[in-house]
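Visitor: pasting a predicted model and its sequence here:
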Amino acid sequence: DTPAFKKSRNLYALNYAKNAAASDGQLILCEGYMDVIALHAAGYGTAVATLGTALTEEQARIMSKYTKRVILSYDSDEAGQKATARATGILADVGMDVRMLRLYDAKDPDEYIKKFGKERFDALIKSSVPDFEYKRDIILRKFDINSPEEKIKAADGLTTVISDYHSSVARELYILDISQKPGLPTESLKADVDRK
């Protein structure tokens, strides 16, 4: 950072991506420069990255000037998942429609494109999901919901995720969703969410 340049107020490759976002209707937010370079080389001109820092509110507001939808494409490792969880809240707070890219069998977009090609990455972009669905699926994959003990752990994780949403409508809808998928009692889930 210098008096003339603040990393927290800029995004890598935004000078290119802002024009592409106007026609594509979305930006792809990556964790690092190499992912952005790989995506631009593969024809995804809407890719941007933070400048070696965690996403800031200023950066989210800058993105919201060019589009209302952001696809988060952070690394699939633990650090990437933590950054994803933080970024979704910041982006939602500025009114962005946040979608999540589910990367399987690769740690980042660069590796995925090298291993599987552009067509498969296109399919991933099209099948990106809202952040709740993404978080829900991570928890449900982690636990065996046929076991009562594991089901309790899954319910605890899911209700923690739901409690982070400020909208009571969102909470109600997400409680209904998880009561149907793993078969958890709605009233108990609601009580747990309200307690957190």
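Guide: Structure received.
Visitor: where does the chain dip in pLDDT?
Guide: 1, 3-4 (pLDDT under 70).
Visitor: quick one, helices of it?
Guide: 14-24, 33-41, 57-64, 78-93, 109-116, 118-126, 131-142, 148-163, 168-180, 186-195 (DSSP state H).
Visitor: how about the contacts made by the closest residue to Ile139 other than its chain neighbours?
Guide: Leaving aside its sequence neighbours, Ile139 sits nearest to Gly157 (C-beta to C-beta, 6 or more residues apart in numbering; 4.3 Å). All C-beta spots, glycine's among them, are computed from the backbone N, C-alpha and C. Contacts for Gly157 (C-beta atoms under 8 Å, 6 or more residues apart in numbering) come out as Ile139, Lys142, Phe143.
Visitor: next: Ser76.
Guide: So Ser76 contacts Leu103, Tyr104, Ala106, Lys107, Asp108 (C-beta under 8 Å, 6+ apart).
Visitor: if we go to 10 Å?
Guide: Counting by C-beta atoms under 10 Å, 6 or more residues apart in numbering, Ser76 makes contact with Thr84, Leu101, Arg102, Leu103, Tyr104, Asp105, Ala106, Lys107, Asp108, Glu111, Tyr112.
Visitor: try Ala54
Guide: Contacts of Ala54 by C-beta under 10 Å, 6+ apart are Ser8, Lys82, Ala83, Arg86, Ala87, Ile90.
Visitor: any idea how far it is from Ser8?
Guide: The gap separating Ala54 from Ser8 is 9 Å, by C-beta to C-beta, to the nearest Å.
Visitor: and what of Ile175?
Guide: Counting by C-beta to C-beta, the gap from Ile175 to Ser8 is 36 Å.
Visitor: who has more neighbours, these two?
Guide: A direct count of neighbours by other C-beta atoms under 10 Å for Ile175 and Ser8 places Ile175 higher, at 21 against 14.
Visitor: correct me, but the more buried one touches Leu184?
Guide: Yes - counting by C-beta atoms under 10 Å, Ile175 touches Leu184, with 8.9 Å between them.
Visitor: next, show the common contact partners of these two.
Guide: Joint contacts of Ile175 and Leu184 (C-beta under 10 Å, 6+ apart) are Leu158, Thr159, Asp192.
Visitor: Tyr66: which of the residues you listed is nearest?
Guide: Tyr66 has its nearest neighbour among these in Leu158, at 33.5 Å by C-beta to C-beta.
Visitor: burial of the nearest residue to that closest one once chain neighbours are set aside, as a residue count?
Guide: For Leu158, ignoring the flanking residues on the chain, the nearest one in space by C-beta to C-beta, 6+ apart is Ile178 at 4.9 Å. Residues near Ile178, counting by other C-beta under 10 Å, number 23.
Visitor: share the number of residues neighbouring Ala38, please.
Guide: By other C-beta under 10 Å, the residues close to Ala38 number 21.
Visitor: hmm, it is touching Ala106, no?
Guide: No - with contact defined as C-beta under 10 Å, Ala38 does not reach Ala106; the gap is 11.3 Å.
Visitor: what residues are shared contacts of the two?
Guide: Among the neighbours of Ala38, those also in contact with Ala106 (C-beta under 10 Å, 6+ apart) are Tyr112, Ile113, Lys114, Phe121.
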